[in-house]
Every structure is written in C-alpha cells, then in structure tokens.
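A.B. asks: Have a look; sequence and predicted model below, questions after that.
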Amino acid sequence: MYAFEYHRPTTLAEAAQLASGNEDAKILAGGQTLIPTLKQRLAQPSDVVDLGGIAELRGICEDGDTLVIGATTPHAEVAASAVVRRLIPALAKLAEGIGDAQVRNRGTLGGSICNNDPSADYPAALVGLGATVRTTTRKIAAEDFFTGMFETALEPNEIVTAVSFPRPGKAAYVKFPNPASRYATVGVFVAETGGGVRVAVTGAAPSVYRWTEAEQALSGGLNPAALDGLTVDPDGLNADIHASAEYRASLVKVMAKRAVAASA
Amino acid sequence: MPTVSLQVNGKSVSREVEGRTLLVQLLRDHLGLTGTHVGCDTSQCGACVVHVDGRSVKSCTMLAVQAEGAEVTTIEGLAAADGTLHPMQAAFREHHGLQCGFCTPGMVMSAVDLAQTHGQLDETTVREGLEGNICRCTGYHNIVKAVLAGAEAMRAGVPKAAE
C-alpha cells in the first residue's frame, strides 16, 4: 500500500472540508473495497478521510412510511434490524446476502453505492424501490445517482449521508451469486411502489438499470408468467470469465421471474 | 504518524503507526500476537479474522487506525487466564476441527461470532457462516461438527474455570 495522510474527522463539516479541493483524497467508509484496492496499489490517494468517527452517519430510523439508513451503517446491522425487517423485509434479506459475514460486519451502505460496482447488490434495491440518496448538499433520486460503471453523480466534495427508502407493497430481490465471491452475476429487485411496479437489474450491465419492458408486463399484477413472452437482448451486457453476455441475458429473465414469484 | 489507542484482549494499548498499517500488522508485528494469520492477503481467506467490538472482521481489510477506541479480541484472548480453552476451542480439539491448523484461528473467531449471533446453529447456517473462511486442506466436515458442538457448549454456558 502506498503511504497516505490519514484523517479521522468527527463532524460532517470537517469531513467535507478535508475532501473538498483535493481530488487525490479518498473517503473511507467500511473499507471492504477501498482497502483491498489500496493493498493492490490500484489507487494512490494523497489523503484518506475516514468517516468512522462521525456518529450521525450511522443508524436506522423509521420516518412515517420511509426507512432512513445512515451511510456508514454496516450490512449486518441492516440485515438484523427489526425495523428494516418490518418495513422492507426484502432489503434485510438483500443485506444478509452480501459478501460473507466479516464483510457484512464492516461494509457499509454508503460505501457500496458510492463505489457502484456493476455487480453490487445495493444499487438494485435503491433503483428498485425508488430510493433517494441524501448527501451533504442535496437529495438525488437513485436512478440519477448511478451514472455508469463505478461512477455516480457525486461531486468530488460531496458525501453521502443517508438513503431514504419509501416503503413498498410487495418486494423481493433474487440474485445468481458468483460461487466464489458472492457478487451478483445477475440480481433483480422487483417492487410494487407508489409509482407502479419497478424492476431493477444489477450485475448484467455496466451499471444498474430498470427493465422497463418487464415493468409494463407486470403492471397488471406480480405474476411470473407475465414475463414469459419477453426476451433480453445481450447486446451491451457484461461478459467476463464468469458469464457471457448471452448467459447474463438469460439470467436477467430467470432471476426476474424468481423475484416476482418470491414477492407474491 | 498517527497514534492508535485501543483495547487488545482486555489490555489498553497505544502505538504510533503509519496510516497504511493494517490491523493485522499492528497485532502481529507491533504487539507480537502472531496467532492471527495472514493467508491470502486479498480479503478472501479469513485466516486473519479477529473480533472488533464483538464482531468478526478481517484484520487484513481494516487499517489499524480504524480501530481507534475499539475492543479487539484475538485468538490469544479467547482462553481463560488459567489456560482453560474457550468452549469453541475445546470443540475444535475434541472433533479434530483442524488439519494443518493454519486457518484455525480465523475459523474459531468466526465460529464464536456465529454462535453469539445465532445462538442455536444448524449445519446449513454453519456452512454459510463460514463462507468467509477458507480451509486449504478442504476438510470442512470436522470443522462444521466442531462449530456445532462449540456453539452448543457456549449455549449451555460451560462454566469457566474458577480463578
């Protein structure tokens, strides 16, 4: 690991100050992606700003029909939370399936979405539920937040503080995990929301996306058979040693049907 | 260089470290606690698992400075002061839950957290719970038996040896 200057601010204002105007600074949340990246010398930040000392960024609360989860809340806390299990059980189940137990104990919601790995689970939940990302300067709709492979709408000095999830009707997330890493080869989040049925796909393409044809097909109700006639075009989908684009295209439909069945 | 102050196996410790020093390096190189192993060094194998504030973490995937103010328990801190093994350690010995032994400290630390989190365990939960720990001898059968027995002994509250 290259050397860097380490900072442990105790307030959000201080953290934003440290990050602003320094494009070589990196923000550290749970570190489950950043630290392996640094160890492999794939990044060389001049400064690392650790959010671990900012208490207000961590925690889960219920705000009417909305669930608000702080950016540095670890996956294990989301998975075990009675509030999450009551309001959005599909979200608790998704968190329970990320990585392994040790990664879930350290990895955070904010870290996951800011990294926007194409195979991460959380982006599917945010887009599938129509969540809102809260930052130090604004609120961003989930669909506008995830802009591309490992890219988000965040400005360099902007820090994610929390995500608010509107409570859905029925919802479920089903993924086909890579047998070694547990990352989603393809994962599909299906939800009945105030704005209609939403179907979000992760793992298949460079960034999470909504499968609008499936949403239309399911507008009459969450019935897996409604997806029978649809096909997924493999053009533009991810292809790697784990799965070809054609295989991922097939998995999108299979995982979507399973998610619909699980949500019903 | 930043200073990190924490509790390790019940003792207060303060050390000056580089920002890039990993928790596992603090434990092994600075404190001489070599029971915590470095296996893959890519955050996959779990040989370096310790407890931070009661939860299992990979100490190769955490900076030492991130443990500021935390309570860390390593494999050296599990047994009682008089040497009586922790019920999970005793179960690993009883059921031969180790082959070469290299992965064992991480396996035991993960198993203790698993038992504390779930209470009663079944085989599926144990196998899924050990996903983050890799045994290169590939002999998981006895490890699973040991974790089930160790969890049961923890639940039964095997009395600690009197001081």
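C.D. replies: Structure received.
A.B. asks: C-alpha only now, for contacts and for neighbours.
C.D. replies: Fine.
A.B. asks: For chain A, tell me whether stretch B:96-108 is touching it.
C.D. replies: No: Stretch B:96-108 does not reach chain A (C-alpha under 8 Å from any C-alpha of the partner chain); its nearest approach is 10.7 Å.
A.B. asks: what's the one helix or strand in chain A whose mean pLDDT sits lowest packed up against?
C.D. replies: Within chain A, no helix or strand scores below helix A:12-19, which has a mean of 92 by mean pLDDT, DSSP states H and E. If you count contacts as 3 or more C-alpha pairs under 8 Å, 6 or more residues apart in numbering or on different chains; DSSP states H and E, helix A:12-19 packs onto strand A:25-28, strand A:47-50.
A.B. asks: how many neighbours does the residue of chain B found nearest chain A have?
C.D. replies: Minimum separation of chain B from chain A (C-alpha to the nearest C-alpha) falls at B:Val57, amounting to 4.6 Å. The number of residues packed around B:Val57, counting by other C-alpha atoms under 10 Å in any protein chain shown, is 27.
A.B. asks: Quickly list what it is bridged to.
C.D. replies: With beta bridges defined as DSSP bridges, B:Val57 has these partners: B:Val50.
A.B. asks: Near A:Arg167, how many other residues are there?
C.D. replies: Count around A:Arg167 with other C-alpha under 10 Å applied: 22.
A.B. asks: Kindly report the same for the one 10 residues further on.
C.D. replies: A:Pro177 has 18 neighbours, counted by other C-alpha under 10 Å.
A.B. asks: Spell out which residues of the stretch 1-150 of chain A are next to chain B.
C.D. replies: Remark: the part of the stretch 1-150 of chain A in contact with chain B comprises A:1-6, A:31-32, A:35-36, A:50, A:52, A:100-103, A:105-106, using C-alpha under 8 Å from any C-alpha.
A.B. asks: Contacts made by the least confident helix or strand of chain A with the rest, please.
C.D. replies: With C-alpha atoms under 8 Å, 6 or more residues apart in numbering or on different chains as the test, helix A:12-19 has contacts from A:Pro9, A:Ala25, A:Lys26, A:Ile27, A:Val49, A:Leu51, A:Ile54, A:Thr136, A:Pro156, A:Asn157, A:Glu158, A:Ile159.
A.B. asks: Quick check: of these, which lies closest to chain B?
C.D. replies: Scanning the contacts of helix A:12-19 for proximity to chain B, where the rule is C-alpha to the nearest C-alpha, the winner is A:Leu51, at 9.5 Å.
A.B. asks: Of all the strand elements in chain A, which one is longest?
C.D. replies: Longest strand in chain A by number of residues, with DSSP state E as the criterion: strand A:184-193.
A.B. asks: what's downstream of that one, the next helix or strand?
C.D. replies: strand A:196-202 (DSSP states H and E).
A.B. asks: ok, that next one: who's next to it in the sheet?
C.D. replies: Strands that pair with strand A:196-202, judged by DSSP bridges, come out as strand A:184-193 (antiparallel), strand A:209-210 (antiparallel).
A.B. asks: Figure out which of the ones you listed is closest to B:Ala91.
C.D. replies: Counting by C-alpha to C-alpha, B:Ala91 lies closest to strand A:184-193 out of those; the figure is 34.9 Å.
A.B. asks: Just give me how far that closest one sits from the chain centre.
C.D. replies: 11 Å (C-alpha atoms, centre = their mean, to the nearest Å).
A.B. asks: which secondary structure element contains residue 105?
C.D. replies: In the absence of a named chain, chain A is used. A:Asn105 is located in helix A:101-106, with elements delineated by DSSP H and E.
A.B. asks: Sorry, I should have been clearer: chain B.
C.D. replies: Short version: B:Pro105 belongs to helix B:104-118, going by DSSP H and E.
A.B. asks: Can you name every helix or strand that that helix contacts?
C.D. replies: Based on contacts counted as 3+ C-alpha pairs under 8 Å, 6+ apart, the elements that helix B:104-118 packs against are strand B:49-52, strand B:55-58, helix B:87-94, helix B:123-129, helix B:140-156.
A.B. asks: same question for the last one, mean pLDDT?
C.D. replies: Which is helix B:140-156. Averaged over helix B:140-156, pLDDT sits at 96.
A.B. asks: Which two among the contacts of helix A:12-19 are spaced furthest apart?
C.D. replies: By the measure C-alpha to C-alpha, the contacts of helix A:12-19 have their two most distant members at A:Ile54 and A:Pro156, which lie 19.1 Å apart.
A.B. asks: List the residues that contact whichever residue of the stretch 1-150 of chain A sits closest to chain B.
C.D. replies: For the stretch 1-150 of chain A, the residue closest to chain B is A:Gln102, as judged by C-alpha to the nearest C-alpha, at 4.6 Å. Residues near A:Gln102 by C-alpha under 8 Å, 6+ apart: B:Val49, B:Arg55, B:Ser56, B:Val57, B:Lys58, B:Gly132.
A.B. asks: likewise B:Asn133?
C.D. replies: The neighbours of B:Asn133, taking C-alpha under 8 Å, 6+ apart as the test, are B:Gln44, B:Cys45, B:Gly46, B:Ala47, B:Cys103, B:Gly106, B:Met107, B:Ser110.
A.B. asks: Kindly recompute the last result at 10 Å.
C.D. replies: Each residue near B:Asn133 by C-alpha atoms under 10 Å, 6 or more residues apart in numbering or on different chains is listed here: A:100-102, B:43-49, B:58, B:103-104, B:106-108, B:110-111, B:127.
A.B. asks: same question, B:Leu148
C.D. replies: With contacts taken as C-alpha under 10 Å, 6+ apart, B:Leu148 has the following neighbours: B:88, B:91-92, B:111, B:115, B:120-123, B:125-126, B:142, B:154.
A.B. asks: Show the buried residues in those.
C.D. replies: Neighbour counting with 16 or more other C-alpha atoms under 10 Å in any protein chain shown marks B:Met88, B:Ala91, B:Phe92, B:Ala111, B:Ala115, B:Leu121, B:Val126, B:Asn142, B:Met154 as buried within the contacts of B:Leu148.
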